[in-house]
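Visitor: Sequence isn't available, so here's the structure alone:
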């Protein structure tokens with residue numbers, strides 16, 4: 001019986017974690033906003049323990065910051081955060097792509113290109129499309145390219161960046177950046193399919209640098 005209770009508690013903690021994370025990434029909870037566990041318990045209709053465990057996990061993932069006697073702050077990425085995460089991506093991803101460009105499955109590249117192009121076409125005719133599908137595709141594009149390298153440390157590092165990258169995107173990207181980034185992904189895939197390694201790596205470097213510049217520019221002009 002105790003084991004069943006423990007498993008149920010873990011499940012509820014995961015539910016709480018996922019729901020709070022969605023609230024952050026959909027900006028229902030805004031960067032810099034202070035919340036407390038009682039508010040979260042009421043909103044989520046969950047008990048104290050799963051909410052507390054979820055908050056601790058979110059703090060470990062840097063999506064929230066716990067301030068003793070003040071409350072829980074939704075993380076607001078700083079310019080240093082943005083610089084550091086894009087700096088390591090700018091070093092790692094083009095280098096990995098250069099090593100494994102010839103190993104990329106052409107069918108994967110064709111299928112991914114079709115998905116990206118489909119969203120580009122949909123958005124052209126539907127300005128109300130949310131950014132969420134493009135964020136998911138953005139993550140898939142970068143994660144799956146790194147996975148081609150078959151290096152568990154590189155893959156684990158890339159996955160460890162995803163949630164905070166998503167926070168940067170929803171906090172410090174303009175609406176237009178999602179579609180521009182989408183087109184940049186398509187150009188990189190075209191270069192991969194044409195087996196033009198130098199061009200693919202150059203486009204990847206430019207893509208990461210442009211994403212960084214957009215995030216910094218928006219952050220500097222944002223008011224939270």
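Guide: Cool, the structure landed. Note that this is a predicted model, so its numbers are computed, not measured.
Visitor: Which elements pack onto whichever strand or helix holds residue 158?
Guide: If you go by DSSP states H and E, residue 158 is part of helix 152-172. Using 3 or more C-beta pairs under 8 Å, 6 or more residues apart in numbering; DSSP states H and E as the contact test, the elements touching helix 152-172 are helix 2-25, helix 79-100, helix 132-147, helix 197-220. From N, CA and C alone the C-beta is placed, and that goes for glycine too.
Visitor: burial of the residue lying closest to residue 140 once chain neighbours are set aside, as a residue count?
Guide: Take residue 140 and drop its neighbours on the chain: the residue closest to it by C-beta to C-beta, 6 or more residues apart in numbering is residue 112, 7.4 Å away. Applying other C-beta atoms under 10 Å, we find 22 residues neighbouring residue 112.
Visitor: same thing with residue 188?
Guide: 25.
Visitor: How much space separates it from residue 200?
Guide: Separation of residue 188 from residue 200 (C-beta to C-beta, to the nearest Å) stands at 6 Å.
Visitor: likewise residue 109?
Guide: Per C-beta to C-beta, residue 109 is found 10 Å from residue 200.
Visitor: Next, show the common contact partners of those two.
Guide: In terms of C-beta atoms under 8 Å, 6 or more residues apart in numbering, residue 109 and residue 200 are both contacted by the residues residue 192.
Visitor: Any figure for the gap between the residue nearest to residue 140 and residue 182?
Guide: Going from residue 112 to residue 182 by C-beta to C-beta gives 11 Å.
Visitor: Same question for residue 151.
Guide: Residue 151 is 27 Å from residue 182, by C-beta to C-beta.
Visitor: Tell me which of those two has more neighbours.
Guide: residue 182 (20 against 15).
Visitor: Okay, angle between the least confident helix or strand in the chain by mean pLDDT and helix 152-172 too, please.
Guide: Ranking every helix and strand in the chain by mean pLDDT, DSSP states H and E puts helix 2-25 at the bottom, with a mean of 79. Interaxial angle, helix 2-25 versus helix 152-172 (axes from the mean of the first three to the mean of the last three C-alpha atoms, to 10 degrees): 50 degrees.
Visitor: Show me what counts as buried in helix 2-25.
Guide: Under the neighbour-count criterion of 16 or more other C-beta atoms under 10 Å, helix 2-25 has 12-13, 16-17, 19-21, 23-25 buried.
Visitor: want to throw these into TSV with distance to residue 52?
Guide: Output for these, formatted as TSV (distance: C-beta to C-beta, whole Å):
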residue	distance to residue 52
12	11
13	9
16	9
17	11
19	14
20	12
21	15
23	17
24	17
25	21
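Visitor: which two in those are spaced the farthest apart?
Guide: Maximum pairwise distance in these, criterion C-beta to C-beta, is 20.5 Å, between 12 and 25.
Visitor: related to what we said a few turns ago, quick one: mean pLDDT for the helix holding residue 158?
Guide: Taken as a whole, helix 152-172 has a mean pLDDT of 91.
Visitor: Pull out the buried positions in it.
Guide: 154-155, 158, 161, 163-172.
Visitor: tell me the mean pLDDT for the following helix or strand past it?
Guide: Where DSSP H and E defines the elements, the next helix or strand beyond helix 152-172 is helix 175-193. For helix 175-193, mean pLDDT rounds to 92.
Visitor: Please work out which residues outside helix 175-193 touch it.
Guide: Counting by C-beta under 8 Å, 6+ apart, 101, 104, 106, 109-110, 112-113, 116-117, 119-120, 123, 131, 134-135, 137-138, 141, 169, 197, 199-200, 203-204, 206-207, 210-211, 214 sit against helix 175-193.
Visitor: Good, wrapping up.
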